[in-house]
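> output the structure for:
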Amino acid sequence: MTDNLVILGLESSCDDTAAAVVSVTGRGAEIRSSVVLGQDALHDAFGGIVPEIAARAHAEKLDIAVKQALFQAKMSLADVTLVAATAGPGLIGGVLCGVTTAKAIAAARGIPLVGVNHLAGHALTPRLTDGLPYPYVMLLVSGGHCQFLLVKGCDDFTRLGGTIDDAPGEAFDKSARLLGLGQPGGPAIERAARDGDAARFRFPRPLLDRPGCDMSFSGLKTALLRARDTVVAEKGGLTRQDRADLCAGFQRAVANVMQEKTRRALTEAALELPAPPALAVAGGVAANAEIRAGLETVAGEFGVRFVAPPLALCTDNAAMIAYAGGELFRAGRIDDMTLAARPRWPLDQHSPALLGGGKKGAKA
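You can find the predicted model right below:
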């Protein structure tokens, strides 16, 4: 049964409602369909994601996404042999929608259920797209998370470092709001930066003066705010070129920090392994062209393979959840109707939390 799988994946951890069908055989994996229903229009007026609105949208759209994914795959639920859903971390209302839908399908069809860590979905994407063998170094960089991982197996992750405050995606979103740009902030800043002069404003490169792979982007966002206020005080406002230059300088600073920290992560990982590991990147911020190019340069310096999934598979999607669920199932993981939605779920269960903990567990 584990040799040939048809997996229905569900993803609803943030503001994208997604469903996908992935088939896995002894020859590899194939994405049969991938449907992502966005919510940008619902959140635009609020300058960010409203959890309650996101949860309601997931409840309304999940069955539609499943129907579309099956239609595109030219299949029915009768063809599905495994259902996998994001069980955390994420906005709890959305995660609950996905887990509940997956349970209903599994119970109705009498098929196995696997709950997937959303971060593991991103971390295993290079295996889905490129068949990347273990082990490898993964830079997981998204809206709410940023960490370097040594990936040794589908459920074996060692964190080498990560952000101690705002993730890059958060920093991009907040910075875009400071500059009056649209959301999501990453694409908005990248578009504006194309016409900007990255050398006009000199932004700090946080934590480069300290050893290790940890990162910080909160202070960089504050530096952008101060630079913006200085320009406004001098000119009475911001021109389009001012915004472009601020975006270009901010983006360059983020890219430079990630480059240097990636060098350190590869160096640290090489000390644990018999051969230098490949470098992979995933997560929404991995779609940024300047950041990708910088990471590819670092991989070239170390003479290792660089893998960046297609842009559509960098942002949240259900194909990665389906594939990760398949790997976990083939490794012996099966969940039951007690599967719970988890707002927090660190991949590395042994390292101390980067952002502290609370009643619901470690944040990251």
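> any idea how far Leu220 lies from Thr100?
Separation of Leu220 from Thr100 (CB to CB, to the nearest Å): 39 Å. C-beta here means a position set from N, CA and C on the backbone, and glycine is covered the same way.
> these two: which is more packed in?
Higher neighbour count among Leu220 and Thr100: Leu220, with 24 against 17, using other CB atoms under 10 Å.
> ok, the more buried one to Cys314 distance?
Distance from Leu220 to Cys314, by CB to CB: 22 Å.
> just Val66 next, same as before
23 Å.
> more neighbours: the two, which one.
Each of Val66 and Cys314 had its neighbours counted (other CB under 10 Å), and the higher figure belongs to Val66 (26 against 23).
> who are the packing partners of the helix or strand hosting that one?
Taking DSSP states H and E as the definition, one finds Val66 inside helix 51-72. Packing contacts for helix 51-72, counted by 3 or more CB pairs under 8 Å, 6 or more residues apart in numbering; DSSP states H and E, involve strand 5-11, strand 17-25, strand 28-37, helix 40-43, helix 92-109.
> report the distance from it to the chain centre.
20 Å (CA atoms, centre = their mean, to the nearest Å).
> in that helix, what's buried?
Under the neighbour-count criterion of 16 or more other CB atoms under 10 Å, helix 51-72 has 54-59, 61-62, 65-66, 68-70 buried.
> likewise stretch 121-132?
Using 16+ other CB under 10 Å as the test for burial, stretch 121-132 gives 121-129, 132.
> looking at those, spot the one nearest Phe250.
His122 (23.6 Å; CB to CB).
> where does the stretch 51-200 of the chain have low pLDDT?
143 (pLDDT under 70).
> next structured bit after the longest helix along the chain?
The single longest helix within the chain, with elements called by DSSP state H, is helix 240-272. On the C-terminal side of helix 240-272, the closest following helix or strand by DSSP H and E is strand 278-282.
> how distant is that following strand from the center of its chain?
The chain centre lies 12 Å from the centre of strand 278-282; the measure is CA atoms, centre = their mean.
> show me what it is packed up against.
Using 3+ CB pairs under 8 Å, 6+ apart: strand 278-282 touches helix 118-130, strand 136-141, helix 289-302, strand 306-307.
> just the pLDDT at the residue nearest the centre of the chain, thanks.
Taking CA atoms, centre = their mean as the criterion, Gly283 is the residue nearest the geometric centre of the chain, at 2.9 Å. Gly283 is assigned 84 on the pLDDT scale.
> numbering from 8 from now on, please.
Understood, numbering begins at 8; the last thing we discussed is Gly290.
> shouldn't it be in contact with His152?
Yes. With contact defined as CB atoms under 8 Å, Gly290 reaches His152; the gap is 7.0 Å.
> what's near enough to touch the closest residue to Val43 other than its chain neighbours?
For Val43, ignoring the flanking residues on the chain, the nearest one in space by CB to CB, 6 or more residues apart in numbering is Ala25 at 4.5 Å. Contact analysis of Ala25 by CB atoms under 8 Å, 6 or more residues apart in numbering lists 16-19, 41-44, 72, 323-325, 328.
> same list (those) but as CSV, adding distance to Gly256.
CSV is the format used below for the contacts of Ala25 (distance: CB to CB, whole Å):
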residue, distance to Gly256
Gly16, 39
Leu17, 40
Glu18, 34
Ser19, 36
Ser41, 35
Val42, 37
Val43, 32
Leu44, 35
Ala72, 39
Asp323, 28
Asn324, 31
Ala325, 36
Ile328, 36
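> re the thing from before, quick check, nearest of the buried residues of stretch 128-139 to Ala205?
His129 (27.7 Å).
> my guess is that closest one meets Met327, correct?
Yes. Applying CB under 8 Å, one finds His129 in contact with Met327, separated by 6.3 Å.
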